[in-house]
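**Q** Here is a sequence together with a model predicted from it:
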Amino acid sequence: MTRYDDPTEIADRVARRPGPLLVGLDVDGVLAPIVDHADDAVLLAGMGAAVSAVAALDDVFVAVVSGRSLAGLAQFGFGDDVEMIGSHGMETRHRPMEPLSDHERRVLADLDAAAVVAANRAGAGAWVERKPASVVLHVRQADDTSGAIALLELAEVTRRLEGATVKAGSGVLEAFARHTDKGTALTALASALGAATTVFLGDDLTDEEAFAHLSTDDVAIKVGDADTIAPHRLRDPGAVLTFLQALPTTRTPG
Ligand SMILES: [Mg+2]
């Protein structure tokens, strides 16, 4: 049986950490319930206001840190006081992505072609999402067997391309022409802001890279029941909402 922490207890623990705080939040599965098609995702009711209230605190910075592109994050309508880190750290609201090199552009074109072939192999329900430096094959709605084979095929092609890397999720495989990870982006932001404590909440495999970058003074919180290196765990976006709503009442600036 998975054991979940009490969201208000974690808020209390976070509130006692030295500031300034950086609160990093993954979006899908953390602020927005997982849906079959990424375009249909919406924040849990009350979440936008809760995130804004935390961002408005004196010694607290808030950043959403997502695998989505910045363009893909726009649909959630986060306020100007929320920093946005998109494409697993490759682009932020205040620092656009470095243009792709010629080599990266060629790799991306090859990955795109391979993803299209794999999506056709997976059949109905499979689709390809295009991001600035990666392509994502989605097979969650495709046939289980042909979907799994398609993911393996795309992973195999990626392995053969110099400089290309993959990140796997549940029913998805993202193939990158440039390596990036959420942890590097999060710690870079924490140091730019002079944050004394970084808190990060994430649900997916790629969020484990962010947890791995945190120190013992930071607070890593897994959302959901998947395996994790994070010492804390919340059940679902509903518990995340309770956690965020509790932060402003418990945090004493200092
Ligand atoms: Mg997620």
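**A** Here it is on my side, so go on.
**Q** Over to stretch 189-199 now: how far is its first residue from its last?
**A** 12 Å (Cα to Cα, to the nearest Å).
**Q** Compute the mean per-residue pLDDT across that stretch, please.
**A** For stretch 189-199, the per-residue pLDDT values average out at 96.
**Q** shift numbering so it begins at 218
**A** With 218 as the first residue, the last one maps to stretch 406-416.
**Q** In it, which residues are buried?
**A** 406-407, 412, 414-416 (16 or more other Cβ atoms under 10 Å). Just so you know, the C-beta spots here come from the backbone N, C-alpha and C atoms, and that holds for glycine as well.
**Q** Name the residue of this protein that lies nearest to the ion.
**A** Using Cβ to the ion, the point where the chain gets nearest to the ion is residue 246, with a distance of 3.7 Å.
**Q** neighbours around the closest residue to that residue other than its chain neighbours, how many?
**A** Spatial nearest neighbour of residue 246, excluding adjacent residues (Cβ to Cβ, 6 or more residues apart in numbering): residue 420 at 3.5 Å. Residue 420 has 25 neighbours, counted by other Cβ atoms under 10 Å.
**Q** is it true that residue 420 touches residue 443?
**A** Yes - with contact defined as Cβ atoms under 8 Å, residue 420 counts as touching residue 443 (7.1 Å).
**Q** quick one: the strands in the stretch 318-467 of the chain?
**A** 344-348, 351-355, 382-386, 389-393, 414-419, 436-440, 449-451 (DSSP state E, counting those that start in this stretch).
**Q** and the stretch 368-471 of the chain, which of its residues are near the ion?
**A** Residues of the stretch 368-471 of the chain that fall close to the ion, judged by Cβ under 5 Å from the ion: 420-421.
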